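**Student:** Task: produce atomic coordinates for the following.
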Amino acid sequence: MNIIIIGYGKMGNEIEKICIEKKYNVLFKINSKNINKLSESLLLKCDVAIDFSNTENVINTILLFFKNKIPVVSGSTDWLNKLNNLKNKCNEYNTAFLHSPNFSIGMNIFFQLNQILSKKMNCHEEYKVSIKETHHINKKDKPSGTAIKIANDVISNINKINKWSFTGDSKDQIKISSNRKGNYKGEHEINFSSNIDTISVKHTAHSREGFARGAILAAEFIKNKKGIFTMKDVINNIKNE
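**Tutor:** A predicted model of the protein is given here:
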């Protein structure tokens, strides 16, 4: 498989390691200084682009791949307000797009557990929902895209909850606590608490390798496909193999 990496930071470097292990060809590694060197010949060879950049400017780069019918796997979370527009553009150019705030297989199983649990909790109004997330000191977005997804999944399943906030002042809000310290790769915990008991689900990432392997699995899945996909599709595909 021929891959172009968009954004060559810590995650881009980790993805390249997995590509080398799997004997995939990294055609080009895009950063802010070399985008103009991305040639038409490289685009013609590319099977999938994998994006882990950290700037809104990447949207134009993703659109370039869409225009060239190249599927894109993206883990960027700095422009989530424009995600629906990108999905529409993907369909317009008849290619494929898979975005996830978190590519860890374990975290995506966490998402499914959270969906099941929040549906069960809809009729138990005595429980207050809260989310905690911790990442390394250099992570810019706050809360994390993963924490926002956890919250949005709860909101979609529990009638009394309408939004998330950093304070959780009212009963219709989920409180998200965000911490930035040390070298945490990512820790997320959701709590359903009442005066009687607390139900907690927690995921801790020990390295970036899990995110990179999940992104490569997504790239393998999305190659030669058309449409909008999620990591749930990837995980279901693993179960069906």
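**Student:** Can you report how many residues lie near the closest residue to Leu80 other than its chain neighbours?
**Tutor:** Sequence neighbours aside, Gly145 is the residue nearest to Leu80 in space, at 6.2 Å (criterion: C-beta to C-beta, 6 or more residues apart in numbering). (Each C-beta comes from the backbone N, C-alpha and C, glycine too.) By other C-beta atoms under 10 Å, the residues close to Gly145 number 19.
**Student:** can you tell me which residues contact Gly145?
**Tutor:** Going by C-beta atoms under 8 Å, 6 or more residues apart in numbering, Gly145 touches Thr77, Leu80, Pro101, Asn102.
**Student:** so how far is Gly75 from it?
**Tutor:** 8 Å (C-beta to C-beta, to the nearest Å).
**Student:** quick one: common contacting residues for these two?
**Tutor:** The contact lists of Gly145 and Gly75 share Pro101, Asn102, where a contact means C-beta under 8 Å, 6+ apart.
**Student:** Tell me who's in contact with Phe52.
**Tutor:** Ile5, Ile6, Gly7, Gly9, Met11, Gly12, Ile15, Ser74, Gly75, Ser76, Ala215.
**Student:** okay but the second one is in contact with Thr61, surely?
**Tutor:** Think Ile6. Yes. Applying C-beta atoms under 8 Å, one finds Ile6 in contact with Thr61, separated by 5.7 Å.
**Student:** which one of the two has more residues nearby?
**Tutor:** Ile6 (25 against 20).
**Student:** neighbouring contacts of the strand or helix carrying Leu42?
**Tutor:** Element membership for Leu42 (DSSP states H and E) is helix 40-45. Helix 40-45 has contacts (C-beta under 8 Å, 6+ apart) with Asn2, Ile4, Leu27, Phe28, Leu64, Phe65, Asn68, Ile70.
**Student:** Show me how this structure divides into domains.
**Tutor:** Taking automatic domain parsing as the domain assignment, the ranges for the chain are 2-103+208-240, 105-204.
**Student:** For the last one, measure first residue to last.
**Tutor:** Counting by C-alpha to C-alpha, to the nearest Å, you get 12 Å between the two ends of domain 105-204.
**Student:** can you map out the strands along the protein?
**Tutor:** 2-6, 25-30, 48-51, 72-74, 96-99, 128-135, 163-165, 173-180, 187-193, 198-204, 227-229 (DSSP state E).
**Student:** Determine which of these approaches Lys87 most closely.
**Tutor:** strand 227-229 (5.2 Å; C-beta to C-beta).
**Student:** Report the helix or strand with the lowest average pLDDT across the chain.
**Tutor:** helix 231-240 (a mean of 85; mean pLDDT, DSSP states H and E).
**Student:** Can you name every helix or strand that that helix contacts?
**Tutor:** The elements that helix 231-240 packs onto, with contact taken as 3 or more C-beta pairs under 8 Å, 6 or more residues apart in numbering; DSSP states H and E, are strand 96-99, helix 105-121, helix 209-222.
**Student:** Given the first one, what are its sheet partners and their directions?
**Tutor:** Right, the one you point to is strand 96-99. Paired neighbours of strand 96-99 in the sheet (DSSP bridges): strand 72-74 (parallel), strand 227-229 (parallel).
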